[in-house]
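J.: Requesting a structural model of the entry that follows:
(one chain, ligands or ions: 1)
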Amino acid sequence: MTILADILVEKEKEVKQLKQNYQSENLANNQTVSSFYRTFMESDQMKIIAEIKRASPSKGIINPNVNPAKQASDYQAAGASMISVLTDQPFFQGTMEDLAMVRSVVDLPILNKDFIIDEIQIDRAKDYGANVILLIAAALPKTRLEELYDYAIQSGLEVLFEVHNAAELSIAQEIGVQIIGVNNRNLKTFEVDLAITEELAKQIDLTKTLLISESGIKTTADVMRVQKAGARGILVGETMMRSKDLTATFQTLRVNR
Ligand SMILES: O=P(O)(O)OC[C@@H](O)[C@@H](O)c1c[nH]c2ccccc12
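T.: Okay, the predicted model is just below:
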């Protein structure tokens, strides 16, 4: 089995439990945050999405003792445009409480990074203060992706729709998503290659679609490469979590478009 398949088996269990125990508060999200799509599309700078990620299946333990609130406010102070919070527990050691803590200290949009397979996770993301959810094309059939996409949009959330190859990109385009994240890491083999962003970007209408390049970004040259391909933002986890000097790291990863 691939790691993605393993993760999805665990998610099925989590969702089953949630359905028994979790009562969505259906809170109106009344904190006004700016639109992810609009602010990124209108900016002439490459935007940085900084992630809170304690561990991962590909890298093992990265930064287990991170204080999510402190880390998020440091990200905001250093110039992040959005914070991504990994909330998967079994494989990434994240929690929904991490997300709630981050929400209480930043006013940036927040991405709930998880493996979403059911509407109840979208309700929960919103209840805990997320503005954006991730949908991973490789995780579900197209009909289900479309249902979850529509549900999230109707709930007032934005969706980062993640693809890794041309077939998944076609699905994104058929659904008509506004924001595409190209994951440079193959979730089945963990191989990372920035050429994936370059290849897929050629097939995207970048005047209408917001393109984010995700994973494996460490150097100025990496950022310049994906920005040249057409990305308006980068999603960076490990490099941020290992940084001893976030101001310097942000300077390294900041380039003009
Ligand atoms: O730590 P990195 O290589 O900078 O990657 C960050 C982010 O792209 C990665 O965490 C990620 C991208 N898509 C995902 C889907 C699920 C879990 C994690 C991810």
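J.: after the longest helix out of those in the chain comes which helix or strand?
T.: For the chain, the longest helix by residue count, based on DSSP state H, is helix 3-21. As assigned by DSSP states H and E, the chain's next helix or strand after helix 3-21 is helix 36-42.
J.: Quick one: name whatever helix or strand follows that next one.
T.: Immediately after helix 36-42, counting by DSSP H and E, sits strand 47-52.
J.: And the residue of this protein that's closest to the ligand?
T.: Nearest residue of the chain to the ligand (C-beta to the nearest ligand atom) works out as Gly237 at 2.8 Å. (Each C-beta comes from the backbone N, C-alpha and C, glycine too.)
J.: who touches that residue in this structure?
T.: Glu51, Lys53, Ser56, Ile62, Ser84, Leu86, Ser215 (C-beta atoms under 8 Å, 6 or more residues apart in numbering).
J.: go on, Ile110?
T.: Neighbours of Ile110 in contact, by C-beta under 8 Å, 6+ apart: Val33, Met82, Ile83, Ser84, Val85, Leu99, Val102, Arg103, Gly129, Ala130, Asn131, Val132.
J.: Could you check how far Leu4 is from Phe115?
T.: 8 Å (C-beta to C-beta, to the nearest Å).
J.: okay, those two: which has more neighbours?
T.: Using other C-beta atoms under 10 Å as the criterion, Leu4 and Phe115 rank with Phe115 on top: 22 against 16.
J.: Apart from its chain neighbours, what residue comes closest to the more buried one?
T.: Lys11 (4.9 Å; C-beta to C-beta, 6 or more residues apart in numbering).
J.: host element of Ile212?
T.: With DSSP H and E as the test, Ile212 turns up in strand 210-214.
J.: can that strand be found next to the ligand?
T.: Yes: judged by C-beta under 6 Å from any ligand atom, strand 210-214 and the ligand are in contact via Glu214.
J.: pretty sure Leu99 is in contact with Asn131, am I right?
T.: No: assessed by C-beta atoms under 8 Å, Leu99 is found out of contact with Asn131, at 10.9 Å.
J.: Pick out whichever of those two has more residues nearby.
T.: Leu99 (29 against 23).
J.: which residues does that one contact?
T.: Taking C-beta under 8 Å, 6+ apart as the test, what Leu99 contacts is Val85, Thr87, Ile110, Asn112, Ala125, Tyr128, Gly129, Ala130.
J.: And it, how far from Arg254?
T.: The value you get for Leu99 to Arg254, if C-beta to C-beta is used, is 26 Å.
J.: Same check on Glu51?
T.: 16 Å.
J.: Which one's more surrounded, these two?
T.: Applying other C-beta under 10 Å to Glu51 and Arg254 shows that Glu51 carries more neighbours, namely 24 against 16.
J.: you'd agree the more buried one is up against Val85?
T.: Yes: counting by C-beta under 8 Å, Val85 is a contact partner of Glu51 at 7.5 Å.
J.: re the thing from before, in strands, which of the contacts of Ile110 appear?
T.: When strands are assigned by DSSP state E, the members of these inside them are Met82, Ile83, Ser84, Val85, Val132.
J.: Noted, bye for now.
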